[in-house]
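Enquirer: Turn this into a model:
(4 chains)
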Amino acid sequence: MDLVAGVIANGVLMGAVYALIAFGLTIIFGVMRVVNFAHGEMVVIGMYAGYFLWAAFDTHPLAAVLPAAALLFLIGYLLQFHLVQHFLARPAHVQFILFIALALVITGAHLVAFGPNPRGIFSLASFEVYRIGGLRLDAVRSQAAAAALLIVALLWAFLRASRLGRAIRAAADNRTGAAVVGIRIRHVYAVTAGIGMACAGAAGALVAPLFDTHPFLAPEFTLIAFITVILGGIGSLPGALLGGLLIGVAEAAAALVLSPSMKSVLSYGLLILVMLARPQGIIGSPEGQR
Amino acid sequence: MRRGAIAVAAFSGLLALGPLVLDGYLLSLLALAFAFAFFGAAWNLMMGFAGMLSIGHGLYIGIGGYTVAVLLVTFGVSPWAGLPLAGLLCAGLGAAIAWTGFRFAVRGVYFALLTLAAAELARILFEHWPFVGGTGGFFLPALPPGNVPLLTLRGGPEFFYFAFLLLLTAALVLTLAIRHSRMGYRLMAIREDEDAARASGVPVLRMRIAAAALSGGMTGIGGGLFALMNGSLFPNTMMGVAISIEIMIAPIVGGLGTVFGPAIGALFVMPVHELSEHLAQEAGVFGLNTLIYGLLVLLVVLFLPAGIGPSVARLLRGRR
Amino acid sequence: MIRITRRAALAGAAAALAAPATIRAQSAPVKVGVILPTSGVLAVPGQASRRGIDLGARMIAEAGGPRMEVIHADTASRPENGRVAAERLIREGCTVLVGAWDSGTTISAAQAAEPARIPLVVNIASAPQITEQGFSMVFRNFTPANVLIRNAVERIREFGQITGELPRTAVLLHVNDTFGTSIAQAVSALWTQLGIPIQIVETLSYAVTARDLSAEVARAKAANPELLMPVTRVNDAILIVREMVRQDFVPKAIIGPGSPGPYEKAFTDAVGRFGDEYMVCVPWHNPRNPRTAEVLQRFAREYPNERFELNVGFSFEAMEIVADAIRRAGSGDPAALHAALRTTDIQDHIMYGGPIRFDEKGQNNNIGGVMLQNQNQEPKVVGPAEVAEARAIYPLTPFRNRR
Amino acid sequence: MSAPVLEVERLVAGYGGAVAVDGASLSVGAGELLAVIGANGAGKTTLIRAIAGMVRPMSGRIRHRGEDITGWTSDRVCERGIAQVAEGRQVFPSLSVLENLRTGALLRRSRAREAANLERVMALFPRLAERRAQAAGTLSGGEQQMLAIARCLMAEPELILFDEPSLGLAPAMVEMVFGVVRRLHAEGMAMILVEQNVRDSLEICDRAIVLEGGAVVAEGSGAELLASDRVRAAYLGL
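Expert: Residues are numbered from 1 along each chain as shown, chains lettered A, B, ... in the order given. Predicted coordinates:
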């Protein structure tokens, strides 16, 4: 019983981190209608940021979250403002290749700059566990999950309550309307891209103590973010959260009952099922499916 | 149409003379370029003409490859029979996916992810299927001395050069014929505006299934030949995400929805790959090749929005 | 068992290094083409192999060996590039090829080497099929998965004799990639055949791209084995150890049969003392050979941040095999090189095992396997006794006592 | 007469290569209501969009209170107090009525007085006050038009560009829209009113221009144009 509970609990914790990654992807899509196929690469940049901060200053892994998010915000802002902006009106496959090219550039740059060797954070903190009854919850994962949920909650509040958040939601809802009321669309878009990529970067810093950082991790993150987003409903923020938790638990459950190497079968199966049966995602609105 | 046919004839005729002046290295490099040009042309039929974005075309390469290889090694069936069978199987798969997508109204990005999910599912299943060697891979025997390529459909660089050139030429002719046929116009009508096309009486479902089946079937045949060229098959390299993405780059760089786009794209991309690899080796900076390649693709999408093909065509026309 | 006396070793070294004047007098160096995945997903072992090649070439040149010019080609970890790379190197005048680390690329390159009649010395690639497909140009100085496991099983048996007991139950936890699968298949095929008294109570496989192995380790722990046998790459070995610490999973021993990973620097850097006492059975350099010590010192000087592991070692040795063949062939002619490679008989070499000889399929069957144990974050040979440099620690020190 | 609020001089604008506004000139004085009439495709909407900064003019000049604002982006134009009630209303369907209104107050010029303005527009449109928490997408067309006007007022504009505000509305709602326009006019707001409802707009305007093929072909007071045979024949069907 402890086995099942422990595995599922870990699934939930990982799910929260997936949700943060997916949150970033979905907000970019929801506002600009572009799919960031280089999202996983952004996570990896965040991981490197986390690793190097630890290596240089021996900081607590959580301390890297803000700097990583800030770095990725900047990257996202500049990329959107100067590059992606020009592709908004282009067809989906051209945007796709743009992001694939970006992904190649980032992977190549990582390989050139940091080499292929995996970089692991060795800190005693990464071996801690919290015990709740018979349940052992890994401390790093719990902290990562808590931080991820906190970030998601803060962003949600930001989008609801702040002036800029309202502008972002307005721009997502009706682009012409946003221009009509004088919203600086290009800036708002760039901020949105910044936030989306900052989510990926923060998630990267959070997982850096869990997975060792190397240049080729990215596609896995991109895929998981996609599946998560589609499950929850593309463009839906609560959907990203739900999708993340669902994927986390589903993978954990699959690792228990199936051969663990088959566990992504369940994710893909779930993905196909949702696409066929409820294309707007589990809690997304049909609006999102444009 | 006539000018296009002349262009195809000139293109293929010129390349057919290649072995007179090229050595084994350039031949095998070009064979690889033709292979990717062919995959690109097949993919282009679906995306460029019917507007169905498939990011899981590795599925057909893999299924085609394994079909031919397993038939050959396990059952002793000649690739002469294996290749058409692979084509039929993949055409069926393509049709099934197109039908599923249509039936459940899976559009745009969703359709793309459906194709990706299908390819990934197939990859994982093959990785757990001992009959095809799982992740351990599936190997073809070495060619015996005195091998007759036309019999075994396996051989040296020259054989694969001609084999893929032939496939590519066939694909170009087919693309050209379709482009100027009623089917071509219907497909492009669907691409431009599906609802309008349906309103004006285009049988959207039939057209989409036809395009997907044709594209899948062609890719399957190419995948079979690709496996014969590689000599070994692994689910990850034959149908992973990497190859699915790789085959899209050439047609988009070359010019989507044009007859020659995929070929021009592949003939541009391959040397870039090779030169950047050289450069990386010379500089001793590993990974530089990925960086250069990514930057070049980026530059092309930035500055040649329609792809290299149309820009070259405009340049040629401008000269006249 | 193979025994190498000190005298034989010295004689061999002298023979290998003292090239006859006739060769040195020749003007053109022999071009050696090296095909490796130095970029792409296999870049880690690809670049490690490259270090072995480069070091080998330099040391051979300095010792007055036959003149060689090494030309590198990168496959970007894509098998179809193996053929193109081989064709290119052949065009550039290479008369012998070395490569290509992974099995798919090796086959692809062999297909170009075969009709061109250019020998291909395989540094690393473990699929048993490589030497079973009928290629006449392939010479593999690496153990296929089945031999790897045969050696590993031998080491585990010996280990029982040293410690006085063997664990009774085991869980096999393996990565589901080409290598991991071949190893797992070989384990299940050989285990009963060789009469190992350890019962494998569960076999678990996970995807090579796994991001999280908590569930897998939890399942392994639930089976409560005395022995954990992980077959991993480096990343997942790290993940497994971290999870074992967190879940406080302490079997009596961790032994990875034929598994890469734990001896790599990335591993010991990432898990530190928690990675100590982790054992693997792999082909390895012979620490008792004085030449090995020399090579290791030189490597440490030239690559202070890297570790000399088996990718480096076998790539280094591939260069020695090539140099030896050139010396005996007396020319760079591929046919002569091929004939020389067929009759290769190198007594003294840095990797542990018997003399390097290739059978009619091009396989070297004399490669040994050692048992390595991480001690103080360095892999140490703990078996067999004739080459051991440290005593094995058994049973495993609980992780909670290491904080 | 004081300096005009807005002057447009020989404006040329369009989309892609197509020219929709071809050399139009106009001016709006303080507190003046200028009606723009013309057939479909005459360039009315493009004219509005060019002034609002949503289409970049190809040539010509736009001046606001003497300052050249040609080619400015929409946010800067809005910031100067030129607000738009756009064609198709352009509300934010998934945002609540209240949130929609608050998007009108994102500009620096009116940000500080958001609460007061909110009270004012709620008083002006009690219907919106009732539905403040409802998503804008669920409102009726007339209510959405109220929302669009109210949102525009949140910016404290000094010139409002109305683009077909009565299009597709029920007669009672058309009545309401004209009532609001009249009221704003009475309060001294400068406005440009583009309408297919030619008679009503000519009746309430101070001055009107007729646009044909993107150029101004007639100009005069509302009464003058109502009396013109050409206008009567072309736009009033008489």
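
Enquirer: For C:Arg6, report the pLDDT, please.
Expert: pLDDT for C:Arg6: 42.

Enquirer: go on, the one 10 residues further on?
Expert: According to the predicted model, the pLDDT of C:Ala16 comes to 47.

Enquirer: low-scoring stretches of chain C, by residue?
Expert: Residues of chain C meeting the criterion pLDDT under 70: C:1-27.

Enquirer: Try it again at 50.
Expert: Per-residue confidence for chain C (pLDDT under 50) gives these ranges: C:1-25.

Enquirer: Show me the domain layout of it.
Expert: C:2-143+C:287-342, C:146-282+C:370-401 (automatic domain parsing).

Enquirer: just checking, D:Ala35 is part of a strand?
Expert: Yes - under DSSP: H, G, I helix; E, B strand; the rest coil, D:Ala35 falls within a strand.

Enquirer: For it, list the residues it contacts.
Expert: Counting by Cβ atoms under 8 Å, 6 or more residues apart in numbering or on different chains, D:Ala35 makes contact with D:Ile192, D:Leu193, D:Val194, D:Glu195, D:Ser201, D:Leu202, D:Ile204, D:Cys205, D:Arg207, D:Ala208, D:Ile209, D:Gly222. Any C-beta I mention is one placed from the backbone N, CA and C, and that applies to glycine too.

Enquirer: can you list the residues that contact stretch D:52-69?
Expert: Contacts with stretch D:52-69, where a contact means Cβ under 8 Å, 6+ apart, come from A:176, A:179-180, D:3, D:5-15, D:19, D:23-25, D:46, D:49-51, D:70-78, D:80, D:82, D:84, D:86, D:159, D:161.

Enquirer: If we use 7 Å, what do you get?
Expert: For stretch D:52-69, contacts defined as Cβ atoms under 7 Å, 6 or more residues apart in numbering or on different chains pick out A:179, D:3, D:5-14, D:46, D:49-51, D:70-74, D:76-77, D:80, D:82, D:84, D:161.

Enquirer: Taking the stretch 1-150 of chain A, what residue is nearest to chain C?
Expert: Taking Cβ to the nearest Cβ, chain C has its nearest neighbour within the stretch 1-150 of chain A at A:Gly120, 2.4 Å off.

Enquirer: can you tell me which residues contact A:Leu271?
Expert: Listed by Cβ under 7 Å, 6+ apart, the contact set of A:Leu271 reads A:Ile227, A:Ile230, A:Leu231, B:Leu113, B:Ala117.

Enquirer: What's the first helix or strand after the one helix or strand the last one maps to?
Expert: B:Ala117 is located in helix B:108-127, with elements delineated by DSSP states H and E. Using DSSP H and E, the helix or strand that follows helix B:108-127 towards the C-terminus is strand B:138-139.

Enquirer: Give the rounded mean pLDDT of that following strand.
Expert: When pLDDT is averaged over strand B:138-139, the result is 92.

Enquirer: what are the pairing partners of that strand, and which direction each?
Expert: For strand B:138-139, the paired strands and their directions (DSSP bridges) are strand B:232-233 (antiparallel).

Enquirer: quick one: the strand it pairs with to chain centroid distance?
Expert: Averaging C-alpha positions (Cα atoms, centre = their mean, to the nearest Å) puts strand B:232-233 18 Å from its chain's average.

Enquirer: Next: stretch C:178-193.
Expert: Stretch C:178-193 sits 17 Å away from the centroid of its parent chain (Cα atoms, centre = their mean).

Enquirer: repeat for stretch A:71-81
Expert: Here stretch A:71-81 is found 15 Å from its chain centre; the criterion is Cα atoms, centre = their mean.

Enquirer: Buried residues, it. List them.
Expert: Buried residues in stretch A:71-81, defined by neighbour count with 16 or more other Cβ atoms under 10 Å in any protein chain shown: A:Leu71, A:Leu72, A:Phe73, A:Ile75, A:Gly76, A:Tyr77, A:Leu79, A:Gln80, A:Phe81.

Enquirer: who touches the residue of chain D found nearest chain A in this structure?
Expert: Nearest residue of chain D to chain A: D:Cys78, at 2.6 Å (Cβ to the nearest Cβ). The neighbours of D:Cys78, taking Cβ under 7 Å, 6+ apart as the test, are A:Val181, A:Gly182, D:Leu107, D:Ala155.

Enquirer: need the contact list for the second one.
Expert: For A:Gly182, the residues meeting the contact criterion (Cβ under 7 Å, 6+ apart) are D:Ser74, D:Asp75, D:Cys78, D:Glu79, D:Leu106, D:Leu107, D:Ala155.

Enquirer: Just the ones in helices from those, please.
Expert: D:Ser74, D:Asp75, D:Cys78, D:Glu79 (DSSP state H).

Enquirer: if I look at the second one, how far off is chain B?
Expert: Distance, D:Asp75 to chain B, using Cβ to the nearest Cβ, to the nearest Å: 26 Å.

Enquirer: Right, I'll leave it there.
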